[in-house]
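Asks: predicted model and sequence follow; I will ask about them next.
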Amino acid sequence: MSGRILRVAQMGHPLLKERSKEVENPSDSKVIELIKDMEATVNYLNCSGLAAPQVLVPLRIVIFRVLTTTDNPSYVLTPEYDPDGVPWTVMINPVITPLSNEMMTGWESCLSLPGLMGRVPRYHSIEYHFLNKEGTQEKRVAHGFHARVVQHECDHLDGILYPTKIKDMNDFGFKEEIVRSNY
Ligand code: NI
């Protein structure tokens with residue numbers, strides 16, 4: 001029983017600017033179905049993260065992974081990369097707490113802004129907790145790129161897209177050009 005591949009909304013869609021609502025019952029059949037569809041969508045797109053509002057469901061659900069360096073050597077632009085990666089993780093109602101005020105600036109891209117990337121400051125170290133698919137609380141500590149991905153995805157739940165956090169708009173552009181000029 002595989003899920004459906006959902007359409008991903010692009011920047012400009014009003015729902016991407018809204019705060020999504022807490023999931024009240026993680027075992028609700030609609031929530032389970034949505035998660036299956038989100039899993040099918042990220043597999044199909046071979047991407048690293050997706051938040052429910054991006055598929056036009058305003059609920060606090062995120063799915064993400066961090067590839068190992070060997071799986072994705074193109075991460076040369078990301079010095080804070082976590083070489084071990086993080087397996088696919090579904091988060092319901094995630095909450096982030098920064099562990100210090102230390103910030104790091106790094107490149108990000110997003111399914112809702114295809115072809116583009118930008119340099120965004122994020123907390124270097126965070127703690128985050130969430131309900132997993134089984135409805136149990138999980139708590140993790142993350143640094144570097146792992147922390148970046150979690151902050152990016154959770155921002156979607158608050159209606160925030162990464163370009164609004166870019167400090168210098170010269171650090172925003174098309175991925176193809178930026179990667180080419182940085183290799
Ligand atoms: Ni995104």
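Replies: Good, I have the coordinates.
Asks: use CA for all of it now, contacts and neighbours both
Replies: OK.
Asks: just give me the longest strand of the chain.
Replies: Secondary structure of the chain per DSSP state E: the longest strand is strand 86-98.
Asks: next SSE after that one?
Replies: strand 103-108 (DSSP states H and E).
Asks: could you dump that following strand to CSV, C-alpha only?
Replies: Only the C-alpha atoms of strand 103-108 are listed here, as CSV (Å, rounded to 0.1, in the frame of the first residue of the first chain):
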residue,chain,number,x,y,z
MET,A,103,24.7,30.9,14.5
MET,A,104,26.1,29.4,11.3
THR,A,105,25.4,30.5,7.8
GLY,A,106,25.0,27.9,5.1
TRP,A,107,23.3,27.1,1.8
GLU,A,108,19.7,25.9,1.6
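Asks: adjacent strands (with direction) for that strand?
Replies: strand 116-123 (antiparallel) (DSSP bridges).
Asks: returning to that earlier point: with only the CA atoms kept, save the longest strand of the chain in PDB.
Replies: Presented in PDB, the C-alpha positions along strand 86-98 are these (Å, rounded to 0.1, in the frame of the first residue of the first chain):
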ATOM      1  CA  VAL A  86      20.100  10.900   9.600                       C
ATOM      2  CA  PRO A  87      17.600   8.300   8.400                       C
ATOM      3  CA  TRP A  88      14.100   9.300   7.200                       C
ATOM      4  CA  THR A  89      12.300  10.800  10.200                       C
ATOM      5  CA  VAL A  90       8.600  11.700  10.500                       C
ATOM      6  CA  MET A  91       7.900  14.400  13.000                       C
ATOM      7  CA  ILE A  92       4.500  15.400  14.400                       C
ATOM      8  CA  ASN A  93       4.200  18.600  16.300                       C
ATOM      9  CA  PRO A  94       8.000  19.200  16.500                       C
ATOM     10  CA  VAL A  95       9.400  21.800  18.900                       C
ATOM     11  CA  ILE A  96      12.900  23.200  18.600                       C
ATOM     12  CA  THR A  97      15.000  24.700  21.400                       C
ATOM     13  CA  PRO A  98      18.300  26.400  20.500                       C
END
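Asks: appreciated, that's everything.
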